[in-house]
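K.L.:
Here's my sequence, what's the structure:
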Amino acid sequence: DPRSSLPRLTLPRAAYGFVLLTMALVALAAGLFLYSRADDMVEQALDRAVRLRTQAAATSYARAIHSDWRDLSYLAGEIARGDRARVRGLMDGMRGDGTRISWIGWAGTDGVVRTASDGLLDGADVSARPWFRNGLRHGFAGDVHEAVLLASLLPASEGGEPPRFIDLAMPVRTEAGEAAGVVAMHIDFGWAARFLSETADSLGLDLFLIGTDGAVIATTTGERPTSAELEILRVARAGSGTGTGTRET
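P.N.:
The predicted structure is shown next:
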């Protein structure tokens, strides 16, 4: 009888076979699940890596600007003490060779510049400038703009274009708390663009700097973003996802 050559099916053997079959089915199900989730897991890992690097770039940039803000705050306190010669020396020292900070000055409440680094714009009327009007009320950080009063006093930027600045300003008050004017700093945007490029290279990213109006004011790719990239940037600025699987930074 051929059946006599087959092993007898006993209860232990049946239980052992059932366990093996169950384990095989579980392993197969787990493999299928991991395979189906592999793309999502890779996508999430890449998203997290890009977000962390982009946040690191933003933090590094903000810290650089914040150090200027601290210097400006210290300068406002020194102006309140009334030692104009010391204030001029501090301004000249903070400006240095002008490759990073193009101009620092203090204007009285009438908008006339009292003291400025290297004497640039001493006596000029800056009452119409946004940094002065806003700086009288509170601390102010403005969007990138081309030089106006300083356009003829400073060398053109690379490519022969007029210099562009980021404005920082804050009110100056006397020790009695009375308004004494505005102290301001013009940060050369050429430095900001170089800082952004160096950061992008170190992190292995393409970075875009976007103004409060949504316009792209700097890019490390060397090219203006395409319409598709602009749409992605608008969505990213709003803090939502496109759902298209496209990733940009």
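K.L.:
Just the helices from the chain, written as ranges.
P.N.:
With DSSP state H as the criterion, the chain has helices at 11-81, 84-95, 130-135, 189-203, 227-238.
K.L.:
so Met185 touches Leu168, yeah?
P.N.:
Yes: counting by Cβ atoms under 8 Å, Met185 does reach Leu168; the two are 4.6 Å apart. (Glycine included, C-beta is placed from N, CA and C.)
K.L.:
okay, and the common contacts of these two?
P.N.:
68, 72 (Cβ atoms under 8 Å, 6 or more residues apart in numbering).
K.L.:
check contacts around the residue most central in space within the chain.
P.N.:
In the chain, the residue lying closest to the centroid (Cα atoms, centre = their mean) is Ala58, at 3.3 Å. Shown in contact with Ala58 (Cβ under 8 Å, 6+ apart): no residues.
K.L.:
how near is Ala193 to Ala141?
P.N.:
Between Ala193 and Ala141 the computed distance is 17 Å (Cβ to Cβ, to the nearest Å).
K.L.:
Could you do Arg86 as well?
P.N.:
26 Å.
K.L.:
out of those two, which sits in the more crowded spot?
P.N.:
More crowded of Arg86 and Ala141, by other Cβ atoms under 10 Å: Ala141, with 17 against 12.
K.L.:
which non-adjacent residue is nearest the more buried one?
P.N.:
Distances taken as Cβ to Cβ, 6 or more residues apart in numbering put Leu168 closest to Ala141, at 5.5 Å, once the chain neighbours are dropped.
K.L.:
how about the one you found, what does it touch?
P.N.:
65, 68-69, 72, 131, 139-142, 184-185, 187.
K.L.:
When you filter those down to buried only, what's left?
P.N.:
68, 72, 131, 140-142, 184-185, 187 (16 or more other Cβ atoms under 10 Å).
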